[in-house]
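Visitor: take this sequence and fold it.
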Amino acid sequence: MASEPQAQDGDGRPAPPDPAYPVEEIAAAWQRERPGTPVSSIGIVTPIWRLAKLLGDDRRRVLNRAGVDIATLDLLSVLRRSGPPYTLSTRELSRRSMVTAGAISQRVARAEREGLVTRRPGEGRPRSVLVELTPTGHDVVESTVDQVLGREAELLQALSAEQQEQLTGLLRILLLDVQHRLGDDRITQVGEG
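Guide: Residues are numbered from 1 along each chain as shown. Now for the predicted structure:
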C-alpha cells in the first residue's frame, strides 16, 4: 500500500497525528501489535463509516427541522421522481426504495395518515395497491428535497467537481463489488438492516 506523504510541522518534523482523523494511528497500532495483520482497508472503511454516520446524522437534523422523517422522504421522493401522475404500485415502491414490502406498507400507512399519499386497489392484479402522491405530499417533497440535497452539496465542497465525479465512480465500483461478494444488494440506512 502506498503511503500518504507525511504532514510536517513548521520545523520540518513529522506532524503529530490528527486526533480528528485517527486512521493512520489505528493502522500503525495494529501493525505494531499484530505484525502482518492486513490494515490497508482501514484507510477506506473507517472514513466511510465515519462519513456515513456524520452524513446520516446531519440529514436527520435537516429533516427534523423540516418536520419529515427519512423513511417518509424516501417514499415521497420515489413517487415524485416517477413523474406524473406520481403513482406507483407498492411492489414498484418496494423495488425502487430497496426495502421490503412490509417496510413499504408501514411507510405508506404513516404517510397516508399524514395526508401525504393516498392508496387504492390496482387494476388487473389481485391484491395490487397503487399509491399516489397528494398535493400536500408533493409540497412536502418539493420543499424538503432542496434542503437535503443543498446541504449535502455544501458538505462536499472540499472536493472539486472532478474529484466528486471520480469518487462517485470509485464508490460505485466498490459498492457493486461488495454487494456481489456478500450476496446482498439491499440498500438501507446506516445501522439498519
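
Visitor: what about the helices in this protein?
Guide: Assigned by DSSP state H, the helices in the chain fall at 23-33, 42-66, 70-81, 90-97, 101-113, 135-155, 161-182.

Visitor: which of these sits most buried?
Guide: Using mean count of other Cβ atoms under 10 Å, the stretch among the helices of the chain with the largest mean neighbour count is helix 70-81, at a mean of 21. C-beta coordinates here come from the backbone N, C-alpha and C atoms, glycine included.

Visitor: C-alpha coordinates for it, PDB please?
Guide: Extracted in PDB, the C-alpha atoms of helix 70-81 (Å, rounded to 0.1, in the frame of the first residue of the first chain):
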ATOM      1  CA  ILE A  70     -36.100   9.800   6.500                       C
ATOM      2  CA  ALA A  71     -38.400   6.900   5.500                       C
ATOM      3  CA  THR A  72     -41.300   9.300   4.600                       C
ATOM      4  CA  LEU A  73     -39.000  11.500   2.500                       C
ATOM      5  CA  ASP A  74     -37.700   8.400   0.700                       C
ATOM      6  CA  LEU A  75     -41.300   7.300  -0.100                       C
ATOM      7  CA  LEU A  76     -42.300  10.700  -1.300                       C
ATOM      8  CA  SER A  77     -39.200  11.200  -3.300                       C
ATOM      9  CA  VAL A  78     -39.600   7.900  -5.100                       C
ATOM     10  CA  LEU A  79     -43.200   8.900  -6.000                       C
ATOM     11  CA  ARG A  80     -42.100  12.400  -7.100                       C
ATOM     12  CA  ARG A  81     -39.200  11.100  -9.300                       C
END
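
Visitor: contact partners of that helix?
Guide: With contact meaning Cβ atoms under 8 Å, 6 or more residues apart in numbering, helix 70-81 is reached by 59-60, 63, 68, 86-88, 93, 96-97, 103-104, 106-108, 110-111, 114, 116-117, 131-133, 137-138, 140-142, 144-145, 148, 189.

Visitor: ok, 6 Å please
Guide: Y86, L93, R96, S97, R107, A111, L133, G137, V141, T144 (Cβ atoms under 6 Å, 6 or more residues apart in numbering).

Visitor: in TSV, list the residues you listed along with pLDDT.
Guide: Output for the contacts of helix 70-81, formatted as TSV (pLDDT from 0 to 100):
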residue	pLDDT
Y86	96
L93	94
R96	90
S97	87
R107	95
A111	96
L133	97
G137	96
V141	95
T144	95
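
Visitor: thinking again about what came up before, nearest to P121, of the helices of the chain?
Guide: helix 90-97 (11.0 Å; Cβ to Cβ).

Visitor: what does the closest one contact?
Guide: The contact list for helix 90-97 (Cβ under 6 Å, 6+ apart) reads D74, V78, A101, I104, V129.

Visitor: relative to the whole chain's centre, how far out is it?
Guide: Relative to the centre of its chain, helix 90-97 is centred 17 Å away, using Cα atoms, centre = their mean, to the nearest Å.

Visitor: tell me the angle of that helix relative to helix 101-113?
Guide: Interaxial angle of helix 90-97 relative to helix 101-113 (axes from the mean of the first three to the mean of the last three Cα atoms, to 10 degrees): 100 degrees.
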